[in-house]
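Participant: Output the structure for:
(one chain, ligands or ions: 2)
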Amino acid sequence: MSNGVPTNGDSAETHTASQRYLSTRGEDTGFSFEEVVLKGLANDGGLYIPEQVPTAEGWETWKDLSFVDLAFNILSLYISPAEIPADDLKDIIRRSYATFRADDVTPLVHLQDNIHLLELFHGPTFAFKDVALQFLGNLFEYFLVRRNEGKTGRDRYHLTVVGATSGDTGSAAIYGLRGKKDVSVFMLHPKGRVSPIQELQMTTVLDPNVHNLAVEGNFDNCQDIVKALFADPEINKTHKLGAVNSINWARILAQTVYYFYSYFTLARQQGDSFTVGDKVRFAVPSGNFGDILAGYFAFRMGLPVDKLVIATNENDILDRFWKTGRYEKKPTYGQAAQGGLPADGVKAHEDGVKETLSPAMDILVSSNFERLLWFLAYEFASDAGMDDEWNKRQAGQEVAAWLGDLKTKGGFGPVYRGVLDAARRTFESERVSDPQTIDTIRSVYQAVGYVLDPHTAVGVEAARHQEQQNKPQSTLPIISLSTAHPAKFAGAVTLALQDEPGFEFDAKVLPAEFVGLEQREKRVRDVENAWTAVREVVRKEVEVELASKEY
Ligand SMILES: Cc1ncc(COP(=O)(O)O)c(C=O)c1O
Ligand SMILES: N[C@@H](CCOP(=O)(O)O)C(=O)O
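Facilitator: Ligands and ions are numbered 1, 2, ... in the order given. Predicted coordinates for the structure are as follows:
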């Protein structure tokens, strides 16, 4: 079904295949970038992906570009100038990264041996989410200003953003959208399950368009409520829902930039011992699979990636998939996957999400895994020798069936051997326990004096294990993504370092921006773990907000 690319009166010929989008469940195709950004989730429940992953022609020549110029080159491959003219796109990107404390936006620092840390926490809320959400906030604003030109009052297009957070997306989205015209933002967090600083970062923002909702439940309950709202035709029609979670394609797209940028930074830092064209590994602390999926796109675009290493905490659905070929909320260990794969020997944990020291990754089901599944299914279907339309249809049907089973039976798999083999060609997985996380924070501090946040520690431990395991490739540099500032997770950091001589959290870790947060006024509303109850709250609070506006 074509939904009419693009929305602003230009002809479809102005869009390349990588600038048109389809749903992973196969029913919805032909969307423009603007449509997928404003809609978030497809009508059939799928996630948007580009019809084709573009090759980054001449990427090797981008080595010395600034972050902003590099971002422009990459993003232009996915956004037609007929939708956002080049100068406007450049301006959006420039403004998005002007809010970062580091001149080079995402610095790369050498940690130990072959491991380099990609510091992604220099944005306003001290977590990697800022890289995408500063950009997404400005994109929403750009599209809304254009849509609302000459309109007044209730005729204006008012976007109602609803998002779920285990701590970091919430504040990053709020900082990306606070005070923006024609947008209300509702962030659902699991009550009492985010770190105290994360909670304060969200609830101390008092702009009238920001609404914090504390849900009695876990992160997956929050994510399910958001998905249920997107599936409800009524609220979508009346309130024009928008997404800030990584179900929104723009989140993934913005994150591909730092894979390229860190690769080039490494090449500049290493001089003769690393030339553009050499391979690297990336280790990525993973939960919803958005961050590492951006790495997959970078790889598909031509970046020389040896392997993408998925690092999970004890909520290990992804690790179990790579080991068994089954994607299951509740593990059924001991059953070998198709083709006689070994069981992984990991102990089953309690039914549901485990609360760990890396709470932002306490996720049972990783929403972006669906996007990877589509590409794996597409690759598998392509072996049948049919035409591209057939391959795409087949991939969509396969994904819809898998996701259907996940919903009704709690899991699916084992997947076809060819699908699993394709997954293993590009990715490896590691599961890191809480004690290992603490040991890693401590041993890195003792060795080099660097303080890791617990999520970053999960990635670093995975990288170190990879270094030990992959002897022949162990000379390859590993870029380990540092996804948050350690000050956001005082509990875990203090647990690991309290006995270290001279270590003082406030002096060594706490940034000035966090001092005094707890004394500020807060606004948050408790809500039931029920999507219909949340829908009522959204309706009422948007009404109050709109009634107070004069434009
Ligand atoms: C600090 C931190 N690290 C890692 C992750 C996992 O990233 P993703 O959900 O994209 O896999 C998150 C949450 O998304 C996070 O907040
Ligand atoms: N870890 C996230 C969970 C939401 O993930 P998202 O990347 O899909 O927004 C968080 O910190 O909120």
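
Participant: Residues of this structure that sit close to ligand 2?
Facilitator: 165-170, 245-246, 287-288, 290, 360, 367 (CB under 6 Å from any ligand atom). For the C-beta atoms, the positions are set from N, CA and C on the backbone; glycine is no exception.

Participant: Just these: which are in helices?
Facilitator: Cross-referencing those against helices under DSSP state H gives 168-170, 290.

Participant: Widest-spaced pair of the residues you listed?
Facilitator: Pairwise distances across these (CB to CB) peak at 14.6 Å, for the pair Gly170 and Gly290.

Participant: who's more crowded, those two?
Facilitator: Gly170 (30 against 25; other CB atoms under 10 Å).

Participant: before we move on, the earlier item: separate out the buried members of the residues of the chain next to ligand 2.
Facilitator: Applying 16 or more other CB atoms under 10 Å to the residues of the chain next to ligand 2, the neighbour count classes 165-170, 245-246, 287-288, 290, 360, 367 as buried.

Participant: which bits of the stretch 201-350 of the chain sit near ligand 1?
Facilitator: 246, 285-291.

Participant: Report the two of these separated the most.
Facilitator: Greatest spatial distance in those: Ser246 and Pro285, 13.9 Å, computed using CB to CB.

Participant: Contacts only, for the residue of the stretch 1-150 of the chain found nearest ligand 2.
Facilitator: Per CB to the nearest ligand atom, Lys129 is where the stretch 1-150 of the chain lies closest to ligand 2, at 6.5 Å. Counting by CB atoms under 8 Å, 6 or more residues apart in numbering, Lys129 makes contact with 123, 168-169, 172-173.

Participant: what ranges do the helices span in the stretch 151-300 of the chain?
Facilitator: For the stretch 151-300 of the chain, applying DSSP state H, counting those that start in this stretch gives helices covering 168-177, 196-203, 219-231, 233-239, 249-270, 290-301.

Participant: who's in contact with the first one?
Facilitator: In this case it means helix 168-177. Helix 168-177 has contacts (CB under 8 Å, 6+ apart) with 123-125, 127-130, 132-134, 136-138, 140, 161, 163, 165, 183, 185, 187, 189, 194, 198, 201-202, 205, 209-210, 212, 244-246, 360, 483-484, 488.

Participant: In strands, which of the residues you listed fall?
Facilitator: Cross-referencing these against strands under DSSP state E gives 161, 163, 183, 185, 187, 189, 210, 212.

Participant: and the closest residue to the third one other than its chain neighbours, what does it touch?
Facilitator: If the residues on either side of it in the chain are set aside, Val183 comes closest to Leu159, at 4.8 Å by CB to CB, 6 or more residues apart in numbering. Residues in contact with Leu159 (CB under 8 Å, 6+ apart) are 38, 140, 144, 182-184, 240-242.

Participant: let's go with 6 Å and repeat that
Facilitator: Counting by CB atoms under 6 Å, 6 or more residues apart in numbering, Leu159 touches 183, 240, 242.

Participant: Any chance of JSON lines for the buried ones among the residues of the chain next to ligand 2, columns pLDDT?
Facilitator: Below are those laid out as JSON lines (pLDDT from 0 to 100):
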{"residue": "Thr165", "pLDDT": "97"}
{"residue": "Ser166", "pLDDT": "91"}
{"residue": "Gly167", "pLDDT": "91"}
{"residue": "Asp168", "pLDDT": "95"}
{"residue": "Thr169", "pLDDT": "97"}
{"residue": "Gly170", "pLDDT": "97"}
{"residue": "Asn245", "pLDDT": "96"}
{"residue": "Ser246", "pLDDT": "96"}
{"residue": "Gly287", "pLDDT": "96"}
{"residue": "Asn288", "pLDDT": "95"}
{"residue": "Gly290", "pLDDT": "98"}
{"residue": "Ala360", "pLDDT": "93"}
{"residue": "Ser367", "pLDDT": "94"}
